[in-house]
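Undergrad: Please work out how this folds:
(one chain, ligands or ions: 2)
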Amino acid sequence: MLPAMLQALIFDVDGTLADTERDGHRVAFNAAFREAGLPWQWDARAYGELLAVSGGKERMAHYARQVAPELAARPDFEAFLRKLHALKTGHYVRLVAGGALPLRPGVANLIREARAAGLKLAIASTTSPENVTALLRASLAHDAADWFDVIGAGDVVPAKKPAPDIYLWVLERLGLPGGDCLAVEDSANGLRAALGAGIPTLVTANAYTRGQDFSGAVAVLSDLAATILAEVEVLHSTYGAHH
Ligand code: XBP
Ligand code: MG
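TA: Ligands and ions are numbered 1, 2, ... in the order given. Have a look, this model is predicted:
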């Protein structure tokens, strides 16, 4: 059977399109904690551990249960988290809009090449939608959000990565089987999510995710700097031939 033709690239956002976590999200969380008068500050190492929990609200809830169980037990804790997360998102969007988070090497080229070649483009991210559009606008092109056929982000699905939900949500709207697509991810959580949706996945590891379990990936690269679309298509077809 001929391996499936590559018809779409599905990009994760945080850690994949850009190194957004240490100098972006983490800084925004800390700014929100200060603004809310909370004695919480996440240093780079502690944040790396907390990244095991996908989703900013879920991450803060996990942390609160550890350090402030009485707060986490309050009936209005969910509402409190939503307000705190809105503060954080405001800080993050402002930080991104200021150009603080450039795309990782080779990402813009691959996106532009895929677009020129007529592939469909999609986003499958745990982060909030406003964070995605802010990053695309500030770091790729003003109208870059329009380049994507589907943008799946944040709370549109109940279960976050490593659950496959966000990738299934994107596939449904792309109208493509997982095997005709290639996902690009940075973390084990993300890889599990994409594989769970039957999507061959290329991993570009980063400082926070290097050394995680990437078994099942089509390939693990340090970045996309030397990667052109033709190579991605070969990776996709060789993977398809063996699975
Ligand atoms: C990474 C995440 C997100 C971000 C924070 O998403 O898990 O939660 O860390 O963004 P992905 P929010 O790698 O799937 O892009 O605070 O908006 O959740
Ligand atoms: Mg990621």
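Undergrad: Report the contact partners of the one residue in the chain that gets nearest to ligand 1.
TA: Distances between the chain and ligand 1 by Cβ to the nearest ligand atom are smallest at residue 56, namely 2.1 Å. Quick note: C-beta positions are derived from backbone N, CA and C, even for glycine. By Cβ atoms under 8 Å, 6 or more residues apart in numbering, the contact set of residue 56 is 25, 29, 85, 88, 89, 127, 128.
Undergrad: what helix or strand does the fourth one sit in?
TA: Here residue 88 sits within helix 77-97, counting by DSSP states H and E.
Undergrad: Mind listing what's buried along the very next helix or strand once past that helix?
TA: Per DSSP H and E, the first helix or strand lying C-terminal to helix 77-97 is helix 107-116. Buried residues in helix 107-116, counted by 16 or more other Cβ atoms under 10 Å: 107, 108, 110, 111, 113, 114, 115.
Undergrad: how much distance is there from helix 107-116 to the middle of the chain?
TA: Its chain's C-alpha centre and that of helix 107-116 lie 18 Å apart, by Cα atoms, centre = their mean, to the nearest Å.
Undergrad: How about stretch 47-65?
TA: That offset, for stretch 47-65, works out to 15 Å (Cα atoms, centre = their mean).
Undergrad: Ends of that stretch, what's the gap?
TA: 16 Å (Cα to Cα, to the nearest Å).
Undergrad: And stretch 63-78, by the same measure?
TA: Per Cα to Cα, the first residue of stretch 63-78 is 14 Å away from its last.
Undergrad: tell me which residues of that stretch are tucked away?
TA: 63, 64, 72.
Undergrad: Pipe those residues into a markdown table and attach distance to ligand 1 and secondary structure per row.
TA: Compiled in a markdown table, these are given as follows (distance: Cβ to the nearest ligand atom, whole Å; DSSP: H, G, I helix; E, B strand; the rest coil):
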| residue | distance to ligand 1 | secondary structure |
| --- | --- | --- |
| 63 | 12 | helix |
| 64 | 14 | helix |
| 72 | 18 | helix |
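Undergrad: pretty sure residue 97 contacts residue 134?
TA: Yes - between residue 97 and residue 134 there is a contact under Cβ atoms under 8 Å: 5.6 Å.
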